[in-house]
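1. everything below, folded, please.
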Amino acid sequence: MLNWFRALLPREDKFFDLFAEHSRIVVSGAEVMQKLLAGGEDVDRYCREIIELEDQADAIADKVLTAVHKSFITPFDRGDIKDLIQSMDDAIDMMRKTVKTVTLFEQRSFDPKMQQMGALIVEAARLNAEAIPMLAKVGTHAARLQALVEKVTGIEGRADDLHEQGLKDLFVRHGKTDPMAYMIGSEIYGELEKVVDRFEDVANEISGIVIENV
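-> Presented below is the predicted three-dimensional model:
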């Protein structure tokens with residue numbers, strides 16, 4: 001009954017514009033993260049870019065939360081809107097935490113499996129960014145949305161495998177001879193895995209919205 005009543009009222013489409021803008025920033029952050037993980041002299045610049053993008057994303061998330069409180073009617077449940085934008089923001093927040101570790105320990109080179117995880121981060125970000133605009137017509141796009149969610153879930157599984165393999169490789173190379181290198185590497189692997197986990201959280205929020213509104 002509530003969904004039927006909501007469909008008769010004027011919609012606040014600004015939410016979808018803000019979601020789309022936020023998701024574009026997150027994709028940009030993921031792409032910069034992938035460049036960062038290539039290593040080299042530009043690592044510091046890429047770290048700064050991610051911090052700037054995270055600040056932009058935070059500002060948009062704040063706009064969404066403000067709009068939730070001010071809007072008479074929302075396109076779907078207010079709690080779902082809050083949870084969705086928070087999960088989206090958590091993804092780029094986790095990228096910033098990764099950057100903090102990279103900066104703190106002055107890392108300039110990264111393992112191949114870290115770079116592979118960077119590619120998965122970009123893939124997950126783009127899949128979620130494809131899904132977000134479809135929420136404006138969730139009934140029409142329900143099947144495609146669920147397919148995108150499943151793809152992100154699959155990426156998370158691949159990232160888990162890379163994380164595990166990467167830790168094993170680190171231990172073989174540094175576990176007994178260079179504990180500090182092992183510690184730093186394992187920290188970065190863990191944070192990259194958490195970035196992918198946050199993208200899976202976004203996908204799960206999208207799935208929940210589909211289930212509740214179709």
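2. only C-alpha atoms for contact and neighbour calcs from this point on.
-> Noted.
3. which helix is the longest one in the chain?
-> Among the segments of the chain that qualify as a helix by DSSP state H, the longest is helix 179-213.
4. what comes up buried for it?
-> Of the residues in helix 179-213, those with enough neighbours to count as buried (16 or more other CA atoms under 10 Å) are 181-207, 209-210, 213.
5. swap in stretch 96-104?
-> Of the residues in stretch 96-104, those buried by neighbour count under the rule 16+ other CA under 10 Å are Arg96, Lys97, Thr98, Val99, Thr101, Val102.
6. which of the residues you listed fall within helices?
-> Checking the buried residues of stretch 96-104 against DSSP H, those in helices are Arg96, Lys97, Thr98, Val99, Thr101, Val102.
7. quick one: residues contacting the fifth one.
-> Think Thr101. Contacts for Thr101 (CA atoms under 8 Å, 6 or more residues apart in numbering) come out as Glu187, Ile188.
8. so Gly39 makes contact with Pro112?
-> No: look at Gly39 against Pro112 with CA atoms under 8 Å: they stay out of range, at 10.5 Å.
9. can you map out the helices along this structure?
-> With DSSP H applied, the chain shows helices at 2-8, 14-37, 43-70, 78-104, 112-131, 142-174, 179-213, listed in chain order.
10. make TSV from those helices and add mean pLDDT to it.
-> As requested, those are exported to TSV (pLDDT from 0 to 100):
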stretch	mean pLDDT
helix 2-8	46
helix 14-37	97
helix 43-70	96
helix 78-104	97
helix 112-131	99
helix 142-174	98
helix 179-213	97
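11. tally of neighbours for Arg173?
-> Around Arg173 sit 14 other residues, with neighbours defined as other CA atoms under 10 Å.
12. actually Ala159, not the one I typed
-> In terms of burial, Ala159 registers 27 neighbours under the definition other CA under 10 Å.
13. wait, isn't it in contact with Val195?
-> No: the pair Ala159 and Val195 does not pass the contact test of CA under 8 Å, sitting 9.8 Å apart.
14. against the centre of the protein, work out the most remote residue.
-> Thr177 (34.9 Å; CA atoms, centre = their mean).
15. all set, thanks.
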